[in-house]
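Asks: how would this look folded up:
(chains A and B)
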Amino acid sequence: MMQNILTLLAALMLWVAPASAQDGPLRIEITEGVIEPLPFAAPDFVSDSATGAEYGRRIADVIAADLSGTGLFREIQPDAFISRVTSFSSPVQFADWKAINAQALITGAVSVDDAGKLVVRFRLYDVFAGQELGQGLQLVGTQDGWRRIAHKVADQVYSRITGEDPYFDSRVVFVAESGPKDQRAKRLAIMDYDGANVSYLTDSSSIVLAPRFSPNGDRVLYTSYETGFPRIYLLQVGTAQRRVLDTQEGTMSFAPRFGPDGRTVVYSLSRGGNTDLYRMDIDSGASTRLTNAPSIETAPSFSPDGSQIVFESDRSGSPQLYIMPAGGGEAQRISFGQGRYGTPVWSPRGDLIAFTKQSKGRFHIGVMRTDGSEERLLTASFLDEGPTWSPNGRVIMFTRETQGAQGSASLYTVDITGRNLRKVPTDTGASDPSWSPLQE
Amino acid sequence: MTYLSKTLLLCAGMALAACANPDRFDNANTVDLNAPGANGMSGAAGDPTSPVYFQQTIGDRVLFAVDQSSLSSEAQATLDGQAQWLMTNSDYNAVIEGHADEQGTREYNLALGARRANAVHEYLVSKGVAANRLKVVSYGKERPIELCSNEACYAKNRRAVTVISAVPSS
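Replies: Below you'll find the model as predicted:
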């Protein structure tokens, strides 16, 4: 009976959600029920100057791309508009926007102040309610930073309508790839979450793998073969200065990840062919061994409260997921499905664990509850791996590699309901993404 | 088996047959592997003390089954040759590279490659090679030699390669 009610509720949600804006406040409930995206209009932001108008056009484009990219919103193309927005302060002609079924309307104005800074104001309207949703907001930033301003506006719109924390004003550190499979050149790169503003943090003289952001995005941990052996490095994003963290002769270290305190690192160390988990205090360099088994222990990830670590181990005979206390100790296996599980990553909300699963010759990105229940596979391909969470825990980015001699790697996103699979545009091959927190 | 190693075996056979009396060797029945041209091989390949000889004739690599790091009898035979060569040629050290095929996550494959490299390391040491002459490194799935995405290529990518290098002069 309970199951039936839940099914019914889900069905109702599915049916009601797109229409609800006409009856109550403009709102998207992010559930599996949302399949009809909410139509919105984002006319070019107005300006008194030609420079400002150009930014106004570009900012509106980025806002529309951010919102449409979630799969929860659908942009109404400007050629359908009846009203033209020529002034930020004039009253909105709601009837004109209703007529084209724009449920949300975003208007804005851009000016360039005496110091050359961009000043952007915007308003969000619930068209069918005939009123503003939330308050108008003014954002000031450099002209170079116009995309960030646009992402901030889109973040406001997304949050006000979904009630969720935003994620557009964020960055991704990843490995840019070029060259054939057997001589692939890899370098660390950083970009906006949508693929814009790429810059490189290392050259391609040594293999680099799996960069991971610090909790506030100021530093990156990664693995490099600079010495000829895989070792963990710590890099300052602002200056690209780096230092090696672990230098024990005769060992290899890899798969590092920050703890939520930003000073603890958990990682894998191989010695004598055996790979175990360790944690290190970055400042003192002191390390502690967390596991001691002849099996492979790797790909550790902290819970957001820092109390637990989820990791991958083949102690049962095949790679599976386990959770243990952050200081080490007895581990509980949480994955029990058919197949091999790897690279678990704890959601920033704490409720889910994303993972890579290999089953019947295919790879999947999936999520499960932290007790291993409600496993859900979100993707399937020849090779999907290495999930990373959006700052709000709603979207997962991962690496997809195509097969064969010409195979190459790209980044994709998918939301946690398994909908809205999208390729992240990059100029080169790309792998091993790590999503930053929301920028301040 | 390369063309070179077949040639060498053939020569060895000829030499044995002709060799009841070593004094009978002369230019007519001597194959000079270092002579330019004939078989297109570099001179060093014929020199049993050269790294090229190690790589091509003894065999610098052993292969592994899916997910495994245990050494087959064929692998052990190759490693016996490697151990003997290393003990004879003390001017050289070696780095053992462990590799995995592309099936599997990056992290797991790094750990698996470490297991494979270590299996070779332990075997060579057990046969008498000084441990301080050997280093191990895992490349996981980062450096395949065969590019196709099926078992024919995967089988060759699941490997441990013993890379010879001259002992640095101090």
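Asks: contacts and neighbour counts: CA atoms only from here.
Replies: Noted.
Asks: wait, what's in contact with residue B:141?
Replies: If a contact means C-alpha atoms under 8 Å, 6 or more residues apart in numbering or on different chains, then residue B:141 has B:99-102, B:106, B:109-110 as its contacts.
Asks: pull up the residues of chain A that are close to chain B.
Replies: Selection of chain A residues close to chain B by C-alpha under 8 Å from any C-alpha of the partner chain yields A:181-184, A:228-230, A:250, A:252, A:254-255, A:270, A:272-275, A:296, A:298-299, A:342-343, A:356, A:358, A:383, A:385-386, A:403-406.
Asks: where do the helices sit along chain B?
Replies: With DSSP state H applied, chain B shows helices at B:3-17, B:51-53, B:73-88, B:106-126, B:151-157, listed in chain order.
Asks: in stretch A:317-326, what's buried?
Replies: Neighbour-count burial for stretch A:317-326, with 16 or more other C-alpha atoms under 10 Å in any protein chain shown as criterion, is recorded at A:319-326.
Asks: low pLDDT regions in the chain?
Replies: This is for chain A. Scanning chain A for pLDDT under 70 picks out the ranges A:1-25, A:29-34.
Asks: I was thinking of chain B, sorry if that wasn't clear
Replies: B:1-43, B:169-170.
Asks: contact residues of it facing chain A?
Replies: Taking C-alpha under 8 Å from any C-alpha, the part of chain B that reaches chain A is made up of B:103-105, B:107-108, B:111-112, B:114-119, B:135-138, B:142-149.
Asks: ok, for residue 85, nearest residue in space, not its chain neighbours?
Replies: You didn't say which chain, so I picked chain A. When the adjacent residues along the chain are set aside, residue A:85 lies closest to residue A:43, with 7.0 Å between them (C-alpha to C-alpha, 6 or more residues apart in numbering or on different chains).
Asks: that's the wrong chain, I meant chain B
Replies: Beyond its immediate neighbours in the sequence, the residue positioned closest to residue B:85 (C-alpha to C-alpha, 6+ apart) is residue B:54, lying 7.3 Å away.
Asks: didn't the one you found look like it was pressed against residue B:84?
Replies: No - counting by C-alpha atoms under 8 Å, no contact exists between residue B:54 and residue B:84, whose distance comes to 10.4 Å.
Asks: who's more crowded, these two?
Replies: Relative neighbour count places residue B:54 above the other of residue B:54 and residue B:84, with 21 against 15, counting by other C-alpha atoms under 10 Å in any protein chain shown.
Asks: separation between that one and residue B:97?
Replies: Relative to residue B:97, residue B:54 is positioned 15 Å away (C-alpha to C-alpha, to the nearest Å).
Asks: how about residue A:238?
Replies: Summarising the geometry, the distance separating residue A:238 from residue B:97, computed by C-alpha to C-alpha, is 35 Å.
Asks: of these two, who's got more company?
Replies: The residue with more neighbours, out of residue A:238 and residue B:97 and counting by other C-alpha under 10 Å, is residue B:97; that gives 25 against 10.
Asks: pairing partners for that one in the sheet, please.
Replies: Residue B:97 has the following beta-bridge partners by DSSP bridges: residue B:137, residue B:161.
Asks: residues touching it, list them.
Replies: Counting by C-alpha under 8 Å, 6+ apart, residue B:97 makes contact with B:113, B:117, B:136-139, B:160-163.
Asks: next, format those as CSV and append neighbour count and distance to residue A:164.
Replies: Conversion of the contacts of residue B:97 to CSV gives the following (neighbours: other C-alpha atoms under 10 Å in any protein chain shown; distance: C-alpha to C-alpha, whole Å):
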residue, neighbour count, distance to residue A:164
B:113, 30, 43
B:117, 29, 48
B:136, 28, 48
B:137, 28, 45
B:138, 29, 43
B:139, 24, 41
B:160, 32, 50
B:161, 23, 52
B:162, 26, 54
B:163, 18, 54
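Asks: and which of those residues is nearest to chain A?
Replies: Of all the contacts of residue B:97, the one sitting nearest chain A is residue B:137; the distance, using C-alpha to the nearest C-alpha, is 5.9 Å.
Asks: wait, isn't that closest one in contact with residue A:252?
Replies: Yes - shown here, residue B:137 and residue A:252 form a contact pair, counting by C-alpha under 8 Å, at 7.3 Å.
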